[in-house]
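[1] Prediction below, plus the sequence it came from.
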Amino acid sequence: MSASTYATINPFTEQLVKTYTPHTPEQVERMLAAADGAYRSDWSRGPIEPRLAVLARLSELLIDHADELAEAMATEMGKLVAQGHDEVKLCAGIAKYYAERGRELLQPVPYKSDAGDAWVQHQPIGVLVAIEPWNFPFYQLIRVVAPAMAVGNPVMLKHAENVPHCAELFEKLVREAGAPEGVYANLFVSNDQISDLIGDDRVQGVALTGSERAGSAVAARASSQLKKATLELGGSDAFIVLDDADIATAAKVGAMARLANAGQVCTAAKRFILHAAIADRFTEAFSAAMQGVTLGDPLDAATTLGPLCTKEALDRLDKQVNDAVTNGAGVLFGGRRADRQGYFYEPTILTGLKPENPAYYEEFFGPVAQVYVAQSDDEIVTLANDSRFGLGGSIFAGDIERAKALASRIETGMVYINTATGTMPELPFGGVKRSGFGRELGDLGIMEFVNKKLVVVAG
């Protein structure tokens, strides 16, 4: 694709709000030159304190502008205002975490050696290119930008084409926080322009959150240039309910974990794997929670399920469900677009999916849950691991030791016990298999794009 259209289309009203002018190659070159200049300046190579001060101020600004940011998310991609405020608080927490812990996390690590005094110090590697999705318009940005800023790596970021206003707001806040020119740049560019940037010698790393197709393309381009990449490519997370679990709590949390952000979450609960002894009880409670939502304007506090982000997303989900049913899946309820204005899809539960049904291995990015029943812990593990993805997952159980034993057998990057898969500034985030590689956030995330330089002084 050689061109991209950046535009705000309200997914509730289905109306075009504004279009945005893409950046020209000349503008991108100026931004890259500025980013490279920042990397070669005292900003990146000097003391860490100025960088941490900007992060601290950015944390404050995010909170100060929470209402504006939440409204922008609701208008551009349909996020409920309350969930938007939660996202902003998380973003502020991430900026604050690295502002307060950055120096400690990047301290040199001494090594005992007969060669003499030895240590590894952590230094920036250069300009990073990031490609981020629309479903968390600010969180996806801050989890790349905050650790990069602490390290000293400038970031050039291409946001999704349907959230350009959010992209501009974030860039404005970074500048208001005191970041010098070149430290962060928002790009309204095409995929071809991103490919050219990755090939430029001034760029040294690439971070992407997106689809498998996008991840494959970016990873291939980065590896062809011998450049480091991190990828987070979605998931089809298992939500496991054992026979000794608190069913009422598991059903309530399960519905929230499937419907939050209209189901458009990489770590959303998607495949509900139930022990046979409690399958009927859980399904009854879960169904009631799934159906007890109020569809409406994401700006209205009374709304509990918003629209999908775009018409294309709605069309794609509708086709997935129809194809799943054509290939043998049952529909407990839902299974269709909502009969109303906006890009809404009814809460849906699919049953009876078998490996020969293509939907069995697909990620459903919307309010669609799949239910499976298993007779034993071994069968639960087999079902959970029978996936191309390996991002997160949840286990609800009364016996924690049993749950921990299952967690160790599940092939994912994250497992949460008796809670939904989540994210916090101090916890590393990422997956395995087709969910990608690398980690973001926490102590592991800040180390993805650093030069771990060994220094030895002969004794």
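    Right, received. Where do you want to start?
[2] Now do the domain split for this structure, please.
    6-233+435-458, 237-425 (automatic domain parsing).
[3] Including mean neighbour count and mean pLDDT, could those go into a markdown table?
    (Glycine included, C-beta is placed from N, CA and C.) Listed next are those as a markdown table, based on neighbours: other CB atoms under 10 Å; pLDDT from 0 to 100:
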| stretch | mean neighbour count | mean pLDDT |
| --- | --- | --- |
| domain 6-233+435-458 | 20 | 98 |
| domain 237-425 | 19 | 98 |
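[4] For the residue nearest to Ile125 when sequence neighbours are not counted, grab phi and psi.
    Closest residue to Ile125 apart from its sequence neighbours, by CB to CB, 6 or more residues apart in numbering: Gln204 at 4.6 Å. Dihedral pair for Gln204: phi -120, psi 0, per degrees, to the nearest 10.
[5] how close does Gln204 get to Asn451?
    Gln204 sits 9 Å away from Asn451, going by CB to CB, to the nearest Å.
[6] any residues in contact with both of the two?
    Common neighbours of Gln204 and Asn451 are listed as Ile125 (criterion: CB atoms under 8 Å, 6 or more residues apart in numbering).
[7] Quick check: which helices or strands does the lengthiest helix in the chain pack against?
    Selection of the longest helix in the chain by residue count, based on DSSP state H, yields helix 81-105. Applying 3 or more CB pairs under 8 Å, 6 or more residues apart in numbering; DSSP states H and E, one finds that helix 81-105 contacts helix 49-64, helix 66-77, helix 139-151.
[8] What lies in contact with the second one?
    Counting by CB under 8 Å, 6+ apart, helix 66-77 makes contact with 8, 10-11, 17, 62, 79-81, 84-85, 87-89, 134-135, 137-138, 162-166, 169, 298-299, 306, 309-310, all of which sit outside it.
[9] Name the SS class of Gly398, please.
    At Gly398, secondary structure determined by DSSP: H, G, I helix; E, B strand; the rest coil is coil.
[10] Skipping adjacent residues, who's closest to it in space?
    Nearest one to Gly398, counting by CB to CB, 6+ apart, is Asp244 at 3.6 Å.
[11] pretty sure the one you found is touching Phe396, no?
    No. At 9.2 Å, Asp244 does not count as touching Phe396 under the criterion of CB atoms under 8 Å.
[12] the helices in the stretch 201-350 of the chain, which residues?
    When assigned using DSSP state H, counting those that start in this stretch, the helices of the stretch 201-350 of the chain occupy the ranges 212-224, 247-259, 279-291, 311-326.
[13] what sits up against the last one?
    Contacts of helix 311-326 from elsewhere in the structure, counted by CB under 8 Å, 6+ apart, are 14, 264, 307-308, 331, 335-337, 343-345, 348, 350, 353, 357-359, 362, 364-366, 368.
[14] Determine the angle, from 0 to 180 degrees, between that helix and helix 66-77.
    Counting by axes from the mean of the first three to the mean of the last three CA atoms, to 10 degrees, helix 311-326 points 60 degrees away from the direction of helix 66-77.
[15] contacting residues around the closest residue to Arg434 other than its chain neighbours?
    Sequence neighbours aside, Arg388 is the residue nearest to Arg434 in space, at 4.4 Å (criterion: CB to CB, 6+ apart). By CB under 8 Å, 6+ apart, the contact set of Arg388 is 236, 361, 433-434.
[16] Which of the residues you listed ranks first by neighbour count?
    Ser236 (24 neighbours; other CB atoms under 10 Å).
[17] starting at the chain centroid, how far to the longest helix of the chain?
    In this view, helix 81-105 has its centroid 14 Å away from the chain centroid, taken as CA atoms, centre = their mean, to the nearest Å.
[18] Could you check the angle that helix makes with helix 49-64?
    Using the same axes, to 10 degrees: helix 81-105 against helix 49-64 is 170 degrees.
[19] Could I get the CA-only coordinates of whichever strand or helix holds Lys172 as CSV?
    Under the criterion of DSSP states H and E, Lys172 resides in helix 164-176. In CSV, the C-alpha atoms belonging to helix 164-176 read as follows (Å, rounded to 0.1, in the frame of the first residue of the first chain):
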residue,chain,number,x,y,z
PRO,A,164,-5.2,10.7,14.1
HIS,A,165,-6.6,13.2,16.6
CYS,A,166,-5.3,11.0,19.5
ALA,A,167,-1.9,10.8,17.8
GLU,A,168,-1.7,14.6,17.6
LEU,A,169,-2.9,15.0,21.2
PHE,A,170,-0.2,12.7,22.4
GLU,A,171,2.6,14.4,20.5
LYS,A,172,1.4,17.8,21.8
LEU,A,173,1.6,16.5,25.4
VAL,A,174,5.1,15.1,25.0
ARG,A,175,6.3,18.5,23.7
GLU,A,176,4.4,20.3,26.5
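[20] all strands for the stretch 351-459 of the chain, in order.
    Assigned by DSSP state E, counting those that start in this stretch, the strands in the stretch 351-459 of the chain fall at 368-374, 389-390, 393-396, 416-417, 432-433, 436-437, 450-458.
[21] Looking at those strands, which is nearest to Pro154?
    Nearest to Pro154 among the strands of the stretch 351-459 of the chain is strand 450-458 (13.9 Å), distances taken as CB to CB.
[22] Going by residue numbers, what spans are helices in the stretch 351-459 of the chain?
    Under DSSP H, counting those that start in this stretch, the stretch 351-459 of the chain gives helices at 377-385, 400-407, 442-445.
[23] Give me the helices and strands touching the longest one, please.
    Right, the one you point to is helix 377-385. When contacts are defined as 3+ CB pairs under 8 Å, 6+ apart, helix 377-385 packs onto strand 237-241, strand 269-275, strand 368-374, helix 400-407.
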